[in-house]
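In: Curious how this folds, go ahead:
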Amino acid sequence: MREINVSEITQVVKDMCISANYKLSPDMQRALDKAKNEEESELGKKIFAQLQENLEIAENDQIPICQDTGMAVFFFKVGQDVHFVGGNLNDAINEGVRQGYTEGYLRKSVVGDPLIRENTKDNTPAVIHYDIVPGDKVTITCAPKGFGSENMSRVFMLKPADGEEGVKAAVVQAVKDAGPNACPPMVVGVGIGGTFEKCAEMAKEALTRPVGEHSEIEYVCDMEKEILEMINSTGIGPAGLGGKITALAVNINTYATHIAGLPVAVNICCHVNRHVTKTL
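Out: Numbering: from 1, shown residues only. Below you'll find the predicted structure:
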């Protein structure tokens, strides 16, 4: 059994919140560089140049890449041989978010009640997903999610007979409905299977998979590539102003489901797609 003091979790979470909002992840930078070279429209090329300038300013001046610094979302893969000591893990995570968003001068966007809507003033609470895995390590993925793109996400409860073509059509329709509102070029996370809530969680986690890494399942890998082509053929383009590159990637996660259902969730993220992972 390995012991981890929750104070260490607080420090790691704090640092991750700040770094994710100040510096683009390497996989996203590579994806944007590649897309910039592939974009054919002159206006689209100018948009990519502006995006790159913004990223450089954010990193050099240590200011947020985007004014919407998101609601803090975490995926914790906790080894079953780990024992947390020194306090409550959820409290430690939220303390890290509080410190990160306060000391990092990040915008506080969370309201404590969805209808009363009083700002908590420290961007807590976070949204935390736990997965118990073998071993004695803890892998933490921080994915602050802005709501310009979050609001464009969809869940479709398809019929089994809709099959693969129905899934493709649903994903492309979600992107078309989002249009410029999701700040393209976007990354599209898709969850297929499970239940209503399971497919949504899978779609969110799919966004944290490095751009350029495809599903290990052959037919799913093929779907990712085909749907990406379908999305980029819409002509929505960078910033929604027209062009060849509307999406940088489509990442799909799948899970077993009921004989009577085919749940599909589409979680869209803007071109920043903030995510950072650390293993303790």
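In: what residues are up against P238?
Out: 39, 43-44, 47-48, 51, 184-185, 245-246 (Cβ atoms under 8 Å, 6 or more residues apart in numbering). No exception for glycine: its C-beta is placed from N, CA and C like everyone else's.
In: likewise V167?
Out: Contacts were defined as Cβ under 8 Å, 6+ apart; by that measure V167 touches 158, 190, 192, 223, 262, 264.
In: Surely V155 is in a strand?
Out: Yes. Counting by DSSP: H, G, I helix; E, B strand; the rest coil, one finds V155 located in a strand.
In: Name the nearest residue to it, sequence neighbours excluded.
Out: Of all residues beyond its chain neighbours, the one nearest V155 is A265 (4.8 Å), with distances taken as Cβ to Cβ, 6 or more residues apart in numbering.
In: T102 now?
Out: Nearest residue to T102 in three dimensions, chain neighbours excluded: D122, at 5.8 Å (Cβ to Cβ, 6+ apart).
In: how far away is that neighbour from S109?
Out: When distance is defined by Cβ to Cβ, to the nearest Å, D122 is 11 Å away from S109.
In: is it fair to say the residue nearest to V155 lies in a helix?
Out: No. The assignment for A265, made by three-state DSSP, is strand rather than a helix.
In: wait, it sits on E205?
Out: No. Between A265 and E205 there is no contact, the gap being 10.7 Å when judged by Cβ atoms under 8 Å.
In: Show me the helices in this structure, by range?
Out: Secondary structure of the chain by DSSP state H: the helices cover 6-22, 26-38, 42-61, 89-103, 147-150, 163-178, 196-206, 218-232.
In: what's near enough to touch the residue most central in space within the chain?
Out: The centre of the chain sits closest to L207, judged by Cα atoms, centre = their mean, with a distance of 4.0 Å. If a contact means Cβ under 8 Å, 6+ apart, then L207 has 143, 187, 189, 251, 267, 269, 273, 275 as its contacts.
In: Against N90, how distant is it?
Out: Computed as Cβ to Cβ, the L207 to N90 distance reads 23 Å.
In: quick one: stretch 45-65 to chain centroid distance?
Out: Offset of stretch 45-65 from its chain centre (Cα atoms, centre = their mean, to the nearest Å): 19 Å.
In: That should have said stretch 272-280, apologies.
Out: Here stretch 272-280 is found 10 Å from its chain centre; the criterion is Cα atoms, centre = their mean.
In: how about it: buried residues?
Out: 272-277 (16 or more other Cβ atoms under 10 Å).
In: Please apply the same query to stretch 229-246.
Out: Under the neighbour-count rule (16+ other Cβ under 10 Å), stretch 229-246 has 230-232, 236-240, 243-246 buried.
In: Just the CA trace of it, in CSV.
Out: Below are the C-alpha coordinates for stretch 229-246, written out as CSV (Å, rounded to 0.1, in the frame of the first residue of the first chain):
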residue,chain,number,x,y,z
GLU,A,229,-13.4,14.3,-43.5
MET,A,230,-17.2,14.7,-43.4
ILE,A,231,-16.9,17.6,-40.9
ASN,A,232,-14.1,19.3,-42.9
SER,A,233,-16.2,19.1,-46.0
THR,A,234,-18.9,21.3,-44.5
GLY,A,235,-16.8,24.4,-45.2
ILE,A,236,-17.5,26.0,-41.8
GLY,A,237,-13.7,26.6,-41.5
PRO,A,238,-11.6,28.5,-39.0
ALA,A,239,-13.7,30.8,-36.8
GLY,A,240,-16.7,29.8,-38.8
LEU,A,241,-15.6,32.1,-41.7
GLY,A,242,-15.2,29.4,-44.3
GLY,A,243,-12.4,27.1,-45.2
LYS,A,244,-11.1,23.6,-45.4
ILE,A,245,-10.3,23.0,-41.7
THR,A,246,-13.3,22.9,-39.4
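In: what about that stretch, average pLDDT?
Out: For stretch 229-246, the mean per-residue pLDDT is 96.
In: Likewise for stretch 117-136?
Out: So the average pLDDT for stretch 117-136 ends up being 98.
In: Skipping adjacent residues, who's closest to N119 in space?
Out: The shortest distance from N119 to any residue that is not its chain neighbour, by Cβ to Cβ, 6+ apart, is 5.5 Å, and that residue is V111.
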